[in-house]
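**Q** The following block contains a protein sequence and its predicted model.
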Amino acid sequence: MSAINKRFPGVVALQGVSLSLGPGEVLALMGENGAGKSTLMKILGGAQQPDEGEIRIDGKRVTLESVRAAKRLGIALIHQELMLAPNLDIAANIFLGNEGGGTGALLRPLPKGDLYARAKELLQRVGLTLPPSTPVSSLTAGQMQMVEIAKALSLDARILIMDEPTSSLTSGESEHLFQIIHKLRSDGIGIVYISHRMEEVMALADRVTVLRDGRYVGDLTRAEATHEKIVSMMVGRELSAHYFPERGPRKSAEPVLVVEGLVVPGAPAPISFSAERGEILGFAGLVGAGRTELMQTIFGVTPALGGRMTLEGKAFAPRRPRDAIDSGVYLAPEDRKRHGLVLPLSVAENTSLPDIGNYNRWGFLDRKRERRVAEAEVKRLRTKTPGVLQRVVNLSGGNQQKVVLGKWLAMSPRVLIVDEPTRGIDVGAKAEIYRHMAALAEEGITILMVSSDMGEIIGMSDRVVVMHERRIKGVLPRERLSQERIATLMTGRADEEALS
């Protein structure tokens with residue numbers, strides 16, 4: 001891949017990026033969240049087309065106008081979210097979309113016996129001993145990963161792209177996957193391996209390619225690649241400090257939310273931290289670090305299995321989101337379109353929705369009050385909308401995010417959780433969101449901010465909780481924040497004490 005450019009509205013996702021892969025090579029593709037890794041691989045997999053640049057296979061220039069075209073050339077992409085049909089059996093999933101038995105214009109379905117026999121051969125190749133007739137719905141995440149690889153091999157894949165393949169696997173399943181990767185490499189298959197887990201990269205990769213902010217930074221051979229070099233290449237950009245508002249000293253160090261020995265479902269160890277009044281407490285970590293799961297437990301989406309929390313000195317144990325909302329703890333979720341908004345409804349209706357009981361007037365919804373409150377939040381946040389009766393689906397991403405914040409601000413939060421508050425938002429809207437967050441903290445509202453943007457974490461946080469594989473690796477005060485220190489903690493290299 002040479003000089004690949006890709007633009008989306010308001011965003012340059014890739015700028016002049018090049019990548020090469022040889023047969024029987026494992027190439028680790030690394031970079032922070034948002035560096036452009038997945039976009040580049042979607043282009044190689046035919047799911048997206050580049051605006052400029054060229055792709056050559058065996059020295060010949062190719063056009064990958066579709067996923068099917070990429071598959072014909074032996075390119076298979078295994079997504080982080082596995083693309084299997086749970087209602088079908090293993091064999092049907094392996095050959096889904098590729099059931100034909102010939103190469104002519106009319107493709108005949110394979111007889112079931114032949115399909116199962118071929119599936120059994122592929123399953124043996126990836127070390128999965130289950131019958132091909134096994135329903136996919138009964139498989140573990142690791143077994144599903146093996147089925148995805150078998151599906152790729154059924155297409156005679158020469159290039160296999162694996163995006164965060166171990167993010168939902170146990171350690172035993174991961175070890176089995178690594179054995180399969182070594183076998184595929186010995187068969188001459190080239191593998192592009194996307195992972196944030198440094199130990200996996202150091203063990204598997206023949207070469208490392210690093211992207212940063214949609215640009216190619218450089219390559220490291222196995223001999224050259226060290227943890228420190230990779231981290232430095234990943235986070236070496238200058239921070240855009242002017243985006244972030246000036247933060248004065250906080251007026252209070254009073255703890256508002258105290259979490260002690262909280263047992264989050266799926267986490268290997270209890271979690272403890274505290275958040276103070278008027279503090280922006282950042283949560284840094286890579287994909288799969290457990291930050292979103294922790295926030296969902298605090299908000300009552302997945303109740304804690306043990307431990308205790310206090311809110312302003314009183315017991316706080318939400319069993320459902322309504323309990324958290326009634327206590328003044330609100331969550332602006334990572335996926336605002338799926339979990340934060342009802343897109344067909346208006347700005348006013350979305351604003352009143354979480355507090356609908358307080359808009360009751362003689363058994364009817366008080367529409368005048370609903371509009372009045374929504375208009376006040378639109379004015380406060382400078383949301384760009386023709387009016388509060390505008391459907392939210394028609395607003396830009398930044399303005400949708402302001403509607404999410406506005407509905408909670410209308411209810412006077414004590415603790416506001418914001419998960420990836422500026423994801424998919426242009427630079428101008430980011431700066432506005434930052435100003436509003438700083439103003440809320442100044443008013444004494446405690447903010448828990450989950451972000452994968454290193455600049456955002458450093459520019460906005462009073463302290464940063466760094467997580468790695470669902471554990472807290474350290475809590476860094478503002479004066480000790482640096483990209484290298486945070487990156488070292490969140491890749492699991494050292495605990496906080498080792499960085500002092």
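**A** That came in fine, so what should we check first?

**Q** longest strand of the chain?
**A** strand 255-263 (DSSP state E).

**Q** Dead centre of this protein: give me the residue that sits there.
**A** Nearest to the mean C-alpha position of the chain, by Cα atoms, centre = their mean, lies residue 287 at 5.6 Å.

**Q** ok, back up a step: which strands and helices sit next to the longest strand of the chain?
**A** Packing contacts for strand 255-263, counted by 3 or more Cβ pairs under 8 Å, 6 or more residues apart in numbering; DSSP states H and E, involve strand 271-276, helix 291-298, strand 306-311, strand 446-450. All C-beta spots, glycine's among them, are computed from the backbone N, C-alpha and C.

**Q** what stretches of this protein score poorly on pLDDT?
**A** Along the chain, the parts satisfying pLDDT under 70 run over 9-11, 33-34, 80-81, 99-110, 167-171, 236-243, 424-429, 494-500.

**Q** Break it into its domains for me.
**A** 2-235, 241-328+413-499, 346-411 (automatic domain parsing).

**Q** between the ones you listed, which gets nearest to residue 335?
**A** domain 241-328+413-499 (8.6 Å; Cβ to Cβ).

**Q** Would you state the helices of the stretch 51-200 of the chain in chain order?
**A** Taking DSSP state H, counting those that start in this stretch to define them, one finds helices in the stretch 51-200 of the chain at 67-72, 90-94, 112-125, 141-154, 171-186, 198-204.

**Q** for those helices, which one ends up most surrounded?
**A** helix 90-94 (a mean of 25; mean count of other Cβ atoms under 10 Å).

**Q** Counting by contacts, list what it packs against.
**A** helix 112-125, helix 141-154.

**Q** what angle sits between the last one and helix 112-125?
**A** Computed with axes from the mean of the first three to the mean of the last three Cα atoms, to 10 degrees, the direction of helix 141-154 lies at 110 degrees from that of helix 112-125.

**Q** before we move on, back to that, closest one to residue 394 among the helices of the stretch 51-200 of the chain?
**A** Going by Cβ to Cβ, the one of these nearest residue 394 is helix 67-72, 30.2 Å.

**Q** Using CSV, write out every CA atom in the closest one.
**A** Coordinates of each C-alpha in helix 67-72 appear next as CSV, following Å, rounded to 0.1, in the frame of the first residue of the first chain:
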residue,chain,number,x,y,z
VAL,A,67,-15.0,-7.0,0.1
ARG,A,68,-15.7,-9.7,-2.5
ALA,A,69,-13.0,-8.3,-4.8
ALA,A,70,-10.5,-8.4,-1.9
LYS,A,71,-11.5,-12.0,-1.1
ARG,A,72,-11.0,-13.0,-4.7
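
**Q** So which other helices or strands are in contact with it?
**A** strand 75-78.

**Q** Other residues contacting the strand it packs on?
**A** Defining contact as Cβ atoms under 8 Å, 6 or more residues apart in numbering, one finds that strand 75-78 is touched by 41-42, 44-47, 64, 67, 70, 145, 148-149, 151-152, 155, 157-163, 165.

**Q** same question, stretch 2-15
**A** For stretch 2-15, the external contacting residues (Cβ under 8 Å, 6+ apart) are 16-19, 36, 39-40, 43, 48, 50-56, 214-215, 426.

**Q** distance of the closest residue to residue 172 other than its chain neighbours from residue 208?
**A** Spatial nearest neighbour of residue 172, chain neighbours left out: residue 142 (7.7 Å); criterion: Cβ to Cβ, 6 or more residues apart in numbering. Using Cβ to Cβ, to the nearest Å, residue 142 is found at 25 Å from residue 208.

**Q** Render the CA-only coordinates of the host helix or strand of residue 283 in PDB, please.
**A** If you go by DSSP states H and E, residue 283 is part of strand 280-284. Taking C-alpha atoms only, strand 280-284 is exported to PDB below (Å, rounded to 0.1, in the frame of the first residue of the first chain):
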ATOM      1  CA  ILE A 280     -12.100  16.100  36.300                       C
ATOM      2  CA  LEU A 281     -10.800  12.600  37.000                       C
ATOM      3  CA  GLY A 282      -9.600  11.000  33.700                       C
ATOM      4  CA  PHE A 283      -9.600   7.300  33.000                       C
ATOM      5  CA  ALA A 284      -6.900   6.200  30.500                       C
END
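
**Q** That strand to helix 291-298, inter-axis angle?
**A** 130 degrees.

**Q** helices or strands up against strand 280-284?
**A** helix 291-298, helix 427-442, strand 446-450, helix 454-460, strand 463-468, helix 483-490.

**Q** still on that earlier bit, wait, doesn't the residue nearest to the centre of the chain sit right on residue 164?
**A** Yes - counting by Cβ atoms under 8 Å, residue 287 sits close enough to residue 164 to count as a contact (5.8 Å).
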